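Chemist: Model the following, please.
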Amino acid sequence: RGNRRDGYTIPSATLYPFQWNWDSAFVAAGLAAADPDAAATELRTLLDAQWTNGMVPQIAFWSDATGYFPGPEEWDAGTDSVRTSGITQPPMVVPAARRVYEALNGEGTDGAAAFLDAVVPALDDYLAWWLRERSDDERVVYVRHPWETGMDDSPAWVSVLESFEPRDVAGVDDLVYGREDRKSESLADQRPTDWDYDRYVALVRQGRAFDWDEARLREVCPFVVEDPLTNAIFARACEDLAAMYAVLGD
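Modeler: Numbers count the residues shown, from 1 in each chain. A predicted model of the protein is given here:
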């Protein structure tokens with residue numbers, strides 16, 4: 001409750017004070033049994049940050065982000081309603097939506113049908129975005145930043161990150177930035193190294209330089225990974241979307 005904001009839940013008041021994509025999905029899945037109306041609001045707020053092309057961003061900056069890095073100025077992305085990051089996360093929002101619908105339906109009110117009517121078109125657009133913008137064959141999807149996997153500095157990405165120099169990707173001689181995630185020295189040994197972070201920031205700045213155009217980024221981005229976890233969640237999401245469509249008679 002302490003982490004609740006106006007329609008969404010923050011992962012951490014000090015380190016992650018905004019709305020994160022799959023964090024909110026997990027929060028909604030957990031809230032479904034205890035407070036399904038709050039769970040439904042959580043997902044509808046997240047989908048309010050959806051881009052017109054269908055992408056649901058990794059971060060929605062619903063509140064002031066002064067001093068946070070990488071903040072909205074660094075990303076230079078979003079919609080008329082909210083500034084966001086320029087990347088996404090595994091589509092846990094779809095399985096979470098099915099769980100929330102089932103919880104609402106179990107209450108026997110009109111809220112379940114209204115929830116489906118509100119979210120299913122947006123979820124359909126999101127999964128279609130994955131196939132259209134993040135797949136070479138419309139079967140396996142890929143990510144293009146470690147943060148998109150939700151596993152961030154996993155050792156699984158080291159070999160890919162070793163394959164490029166950050167300054168070459170970012171197109172600058174010097175990567176200058178301040179790390180908000182290490183503002184406390186006591187946290188320094190629990191956070192990604194500067195070696196990792198240089199590469200994270202370089203990929204962000206490359207995306208911004210290409211105006212988050214997926215077709216152009218597919219040709220130049222050095223981090224294009226067909227992540228097994230993301231694909232497993234994507235496959236599950238497709239099944240759950242089909243189940244929700246079946247409820248709607250389609």
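Chemist: In CSV, list the C-alpha atoms belonging to the longest helix along the chain.
Modeler: Longest helix in the chain, counting residues (DSSP state H): helix 111-133. Provided in CSV are the C-alpha atoms of helix 111-133 (Å, rounded to 0.1, in the frame of the first residue of the first chain):
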residue,chain,number,x,y,z
GLY,A,111,-16.7,-5.3,-14.0
ALA,A,112,-15.3,-8.4,-15.7
ALA,A,113,-16.9,-7.7,-19.0
ALA,A,114,-16.1,-4.0,-18.9
PHE,A,115,-12.4,-4.9,-18.1
LEU,A,116,-12.2,-7.2,-21.1
ASP,A,117,-13.8,-4.7,-23.4
ALA,A,118,-11.2,-2.1,-22.3
VAL,A,119,-8.0,-4.1,-22.4
VAL,A,120,-8.3,-6.8,-25.1
PRO,A,121,-7.9,-4.5,-28.1
ALA,A,122,-4.8,-2.9,-26.5
LEU,A,123,-3.3,-6.3,-25.7
ASP,A,124,-4.0,-7.5,-29.2
ASP,A,125,-2.2,-4.4,-30.5
TYR,A,126,0.8,-5.1,-28.2
LEU,A,127,1.3,-8.7,-29.3
ALA,A,128,0.8,-7.7,-33.0
TRP,A,129,3.6,-5.1,-32.4
TRP,A,130,5.9,-7.9,-31.2
LEU,A,131,5.3,-9.9,-34.3
ARG,A,132,5.5,-7.0,-36.7
GLU,A,133,8.4,-5.1,-35.2
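Chemist: what's next to the following helix or strand past that helix, contact-wise?
Modeler: Under the assignment DSSP states H and E, the closest C-terminal helix or strand after helix 111-133 is helix 158-161. When contacts are defined by CB atoms under 8 Å, 6 or more residues apart in numbering, helix 158-161 is touched by residues 146, 196, 199, 222, 223, 225. C-beta here means a position set from N, CA and C on the backbone, and glycine is covered the same way.
Chemist: For the last one, give me its contacts.
Modeler: Residues counted as contacts of residue 225 (CB under 8 Å, 6+ apart) are 142, 143, 144, 149, 157, 160.
Chemist: Now, of those residues, which are buried?
Modeler: 142, 143, 144, 149, 157 (16 or more other CB atoms under 10 Å).
Chemist: For the first one, which non-adjacent residue is closest in space?
Modeler: Just to be clear, that refers to residue 142. Leaving aside its chain neighbours, residue 142 sits nearest to residue 226 (4.9 Å; criterion: CB to CB, 6 or more residues apart in numbering).
Chemist: how about the one you found, phi and psi?
Modeler: Backbone dihedrals for residue 226, given as degrees, to the nearest 10, come out at phi -90, psi 80.
Chemist: that older thread, quick one: average pLDDT of the longest helix of the chain?
Modeler: Mean pLDDT, taken over the full extent of helix 111-133, equals 97.
Chemist: likewise stretch 45-64?
Modeler: 98.
Chemist: Buried ones in that stretch, by neighbour count?
Modeler: Judged by neighbour count (16+ other CB under 10 Å), stretch 45-64 contains these buried residues: 45-51, 54-62.
Chemist: for it, the distance to its chain's centre please.
Modeler: Its chain's C-alpha centre lies 8 Å from the corresponding centre of stretch 45-64 when counted by CA atoms, centre = their mean, to the nearest Å.
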